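J.: Need a 3D model of the sequence below.
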Amino acid sequence: MNAAQKAMTTWVGALSSSGVLEPTEDADAGAAVAAYVVGEERLEELRTFFRHASAEAVARERRAAVEAVIAMAQADRDVHPEESHLLSRLVARSGLDEDTQDELVMRVHQPREVEDLGDRLTHPVLRELILALAWELALADGRVDQAESELYADLARQLEVRPARAKEIAAAVDERVG
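T.: Numbers count the residues shown, from 1 in each chain. Purely as a prediction, here's the structure:
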């Protein structure tokens with residue numbers, strides 16, 4: 001398993017433990033990173049949101065989160081077959097309807113811009129977790145290339161995370177996984 005695959009597996013666990021994805025066996029490692037980045041109290045706030053949100057809101061947030069993860073994996077334009085498989089597994093665990101899952105799997109193989117992410121990914125804790133995941137994926141191969149750095153900055157902007165907070169998130173990920 002390469003570094004990008006390991007990062008994605010960890011974050012499948014993190015997104016599972018926070019209620020974004022259906023539960024998995026590998027949630028513990030990801031939950032530890034997620035709690036370190038945003039804090040256990042804020043992570044519980046996100047879980048509560050998913051328990052009480054309407055089905056429409058849950059689907060919207062989950063889809064946007066999965067689209068963001070797919071875009072991050074494609075940032076360096078080098079998605080290995082194993083990474084595609086992991087992304088497909090992530091889609092399968094999303095709890096989204098079959099048509100949406102089919103569309104998301106197509107995105108794994110046919111990159112496109114992520115549109116109006118800030119309008120669809122609305123929960124502030126989930127926004128920060130997605131940024132943390134973006135940074136961990138960028139670090140996974142031991143270097144952050146310009147496309148990955150630009151995607152991180154663009155995601156922070158779209159998700160309305162202040163630049164100072166985006167730097168804190170990146171530093172926390174560096175400290176925890178580096």
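J.: Longest helix of this protein, counting residues only.
T.: helix 55-73 (DSSP state H).
J.: Assign R143 to helix, strand or coil.
T.: Using DSSP: H, G, I helix; E, B strand; the rest coil as the criterion, the local structure at R143 reads coil.
J.: Show the backbone phi and psi for it.
T.: Phi and psi for R143, reported as degrees, to the nearest 10, are phi -150, psi 150.
J.: again, but for L104
T.: phi -70, psi -40.
J.: Spit out the contact partners of the nearest residue to it once chain neighbours are set aside.
T.: Distances taken as CB to CB, 6 or more residues apart in numbering put V91 closest to L104, at 4.5 Å, once the chain neighbours are dropped. Quick note: C-beta positions are derived from backbone N, CA and C, even for glycine. Contacts for V91 (CB atoms under 8 Å, 6 or more residues apart in numbering) come out as V66, Q101, L104, V105, V108.
J.: among the residues you listed, who's most crowded?
T.: V66 (24 neighbours; other CB atoms under 10 Å).
J.: Wait, that one touches V105, no?
T.: No. With contact defined as CB atoms under 8 Å, V66 does not reach V105; the gap is 10.1 Å.
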